[in-house]
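> Sharing a model that was predicted from the sequence below.
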Amino acid sequence: MKLSEIAKELGTRLENDAADPEIKGVAGIESAGPGELTFISNPKYAPLARTTKAAAIIVSEDFPAPTAESPSNSVALLRSKNAYLDFARALKMFYQPPRYAPGVHSTAVVDRSANIGPDAHIGPYVVVGEDVVIGEGAVLLAHSVIYRGVKIGNNFLAHSHAIVREFCRIGNNVILQNGVVVGADGFGFAKDNDGHWHKIVQSGPTVIDDDVEIQANSCIDRASVGETRIGRGAKIDNLVQVGHGSTVGQDTLLCAQVGLAGSTDVGNKVILAGQVGAAGHCKIGDGAIATAQAGIRDVPPGAIVSGSPAIDNKLWLRCIAAYNRLPALVKLLRKR
């Protein structure tokens, strides 16, 4: 595919291109070679533009133009309003995921009462329970299991060993990566007068709205009462735990190993970085960001918090700077 054709498809502005090379693939800037397209979205990688062997780089609109003092190895530039997003779009031009032919594998077990829409692919050893309803274009790969009474929309993709428990509801265009469990029992137990733990029935379903992706080995627990809900467009990374009765808002990101205790209310467009832990029954406002390993309770909308217990990110940075100086301060005090 010619570079000029890619630029037109992406809606980017092409600069420093005389040859209009054939682009055969995409790669990271450090490994890209001739005939490949790469990108720069983080300014710290900008110096690599002078040494990359790529044929072209997708860059931001304000990326510095090459000069005689700072040559860019004659690499072509595709100026973009969102370099990272346009690189993701370019990837789709060169990589097509596997397509699965409609049909039901001979080893699959599909209950007669299940209602599955047209063009479904039901793979080896898949189990679909009673009264399940699944929309058009579903792909259920090997060993995925859909319990009884589940309702699922169109274009559902369940990778191998994904499980959806009883009576849960899933919208359109949802992807469950390998080993995801939607609707397992929440961690609810009540102690009696003798100190023994008694299980609390987890009667409320998990509800997954449209355009959600949940990545490998994450667990979204069902609720004791009410429901656990993941909002439209939310993206959940590997090894995330969403506790019973929690709500995750639209377009929110939960990064790897985030843990939400029961009844956590997470707003829209929130970002919880890796290993963030949220105490139960807390509210995280729209647009809030918690940096890696933060331990959080209530967070106001738009706030950026860090540390455990979490505090304002700017204050946390000052605290860390002071903490790093403590040995020198102790040494100074001992001299006095």
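Now that the structure is in, tell me what you want to look at.
> can you pull the pLDDT of Gln96?
At Gln96, the model reports a pLDDT of 84.
> Can you tell me how far it is from Leu10?
Look at Gln96 and Leu10: by Cβ to Cβ, to the nearest Å, they are 18 Å apart. C-beta: built from backbone N, CA, C; applies to glycine.
> Have a look at the two and say which one is more surrounded.
Neighbours were counted for Gln96 and for Leu10 using other Cβ atoms under 10 Å; Leu10 has more, 19 against 7.
> quick one: contacts for that one?
Residues in contact with Leu10, defined by Cβ atoms under 8 Å, 6 or more residues apart in numbering, are 58, 78, 80, 86, 89-90.
> Low-confidence regions, this protein specifically.
18, 66-73 (pLDDT under 70).
> And it, what are its domain boundaries?
3-94, 162-336 (automatic domain parsing).
> Just put those domains in JSON lines and tack on distance to Tyr147.
Listed next are the domains of the chain as JSON lines, based on distance: least, Cβ to Cβ, whole Å:
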{"stretch": "domain 3-94", "distance to Tyr147": "33"}
{"stretch": "domain 162-336", "distance to Tyr147": "4"}
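> now, of those, which is deepest in the fold?
domain 162-336 (a mean of 18; mean count of other Cβ atoms under 10 Å).
> so how far is that domain off the chain centroid?
13 Å (Cα atoms, centre = their mean, to the nearest Å).
> what about that domain, start to end distance?
Counting by Cα to Cα, to the nearest Å, you get 64 Å between the two ends of domain 162-336.
> go on, stretch 276-287?
16 Å.
> re the thing from before, with respect to Val109, which of the domains of the chain lies nearest?
Nearest of those to Val109, taken as Cβ to Cβ: domain 162-336 at 14.3 Å.
> how about Asp237, what does it touch?
Taking Cβ under 8 Å, 6+ apart, one finds 215, 218, 253-258, 274 in contact with Asp237.
> which residue packs closest to it, ignoring adjacent ones?
Ala256 (4.4 Å; Cβ to Cβ, 6 or more residues apart in numbering).
> correct me, but that neighbour touches Lys235?
No - applying Cβ atoms under 8 Å as the test, Ala256 and Lys235 come out as separate, 11.6 Å apart.
> and for the two, which residues touch both?
In contact with both Ala256 and Lys235: no residue, using Cβ under 8 Å, 6+ apart.
> Can you pull up the most central residue in the protein?
Note on the chain: the residue nearest the mean C-alpha position is Lys235, at 3.6 Å, using Cα atoms, centre = their mean.
> Quick check: that residue vs Asn313, distance?
From Lys235 to Asn313 the distance is 22 Å (Cβ to Cβ).
> ok, now Ser31?
In terms of Cβ to Cβ, Ser31 sits 33 Å off from Asn313.
> do the same with Gly149
From Gly149 to Asn313 the distance is 44 Å (Cβ to Cβ).
> any idea whether Arg89 is helix, strand or coil?
Reduced to three states with DSSP: H, G, I helix; E, B strand; the rest coil, the structure at Arg89 is helix.
> What are the phi and psi values at the nearest residue to it once chain neighbours are set aside?
Leaving aside its chain neighbours, Arg89 sits nearest to Leu10 (5.9 Å; criterion: Cβ to Cβ, 6+ apart). Backbone geometry at Leu10, expressed as degrees, to the nearest 10, gives phi -80, psi -20.
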